[in-house]
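Next input, structure requested:
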Amino acid sequence: MKKNSTLLIVLLISIIGPGCATTVQYNNTKELMSHPEFPKAAFHAPEFTRAALKRLASLEYELERK
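Predicted coordinates for the structure are as follows:
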C-alpha cells in the first residue's frame, strides 16, 4: 500500500509541478519510468502504473497542443 501511495504522490507532483514553472518540459513519463522504484511499482500494481502513465502522457499531449 505504501508503494502505491508513493507512486501516486510522485505522479501528482509531476503533473502539478510543471504547471508552476515558466519553462515546461514534457518528459515526466520518461522521468518516472527511470525512477528506481518504478520496476517495483510496475510489478506490484501493473494496471495502476499503466493507467497512470497513460493518463500522464495524455495530459502532457493536451498541454503541448495548446
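
All the strands of the protein, residue numbers only.
With strands called from DSSP state E, the chain shows none.

Would you map the helices across the protein?
Assigned by DSSP state H, the helices in the chain fall at 2-20, 28-33, 38-44, 46-65.

Kindly reformat those helices as TSV containing mean neighbour count and mean pLDDT.
Every residue, glycine included, has its C-beta placed from N, CA and C. Below are the helices of the chain laid out as TSV (neighbours: other CB atoms under 10 Å; pLDDT from 0 to 100):
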stretch	mean neighbour count	mean pLDDT
helix 2-20	13	66
helix 28-33	16	90
helix 38-44	14	94
helix 46-65	13	91
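
gap between residue 28 and residue 45?
The gap separating residue 28 from residue 45 is 18 Å, by CB to CB, to the nearest Å.

just residue 56 next, same as before
15 Å.

likewise residue 66?
31 Å.

the more surrounded of these two?
Set residue 66 next to residue 45 and count neighbours by other CB atoms under 10 Å: residue 45 wins out with 16 against 4.

Just the pLDDT at that one, thanks.
Per-residue pLDDT puts residue 45 at 94.

Surely it is in contact with residue 7?
Yes - using CB atoms under 8 Å, residue 45 is in contact with residue 7, at 7.3 Å.

next one: stretch 26-35 to chain centre, how far?
Its chain's C-alpha centre and that of stretch 26-35 lie 7 Å apart, by CA atoms, centre = their mean, to the nearest Å.

Wait, residue 49 touches residue 7, no?
Yes - at 6.9 Å, residue 49 counts as touching residue 7 under the criterion of CB under 8 Å.

Any chance you could list residues touching both of the two?
The contact sets of residue 49 and residue 7 overlap at residue 41 (CB atoms under 8 Å, 6 or more residues apart in numbering).
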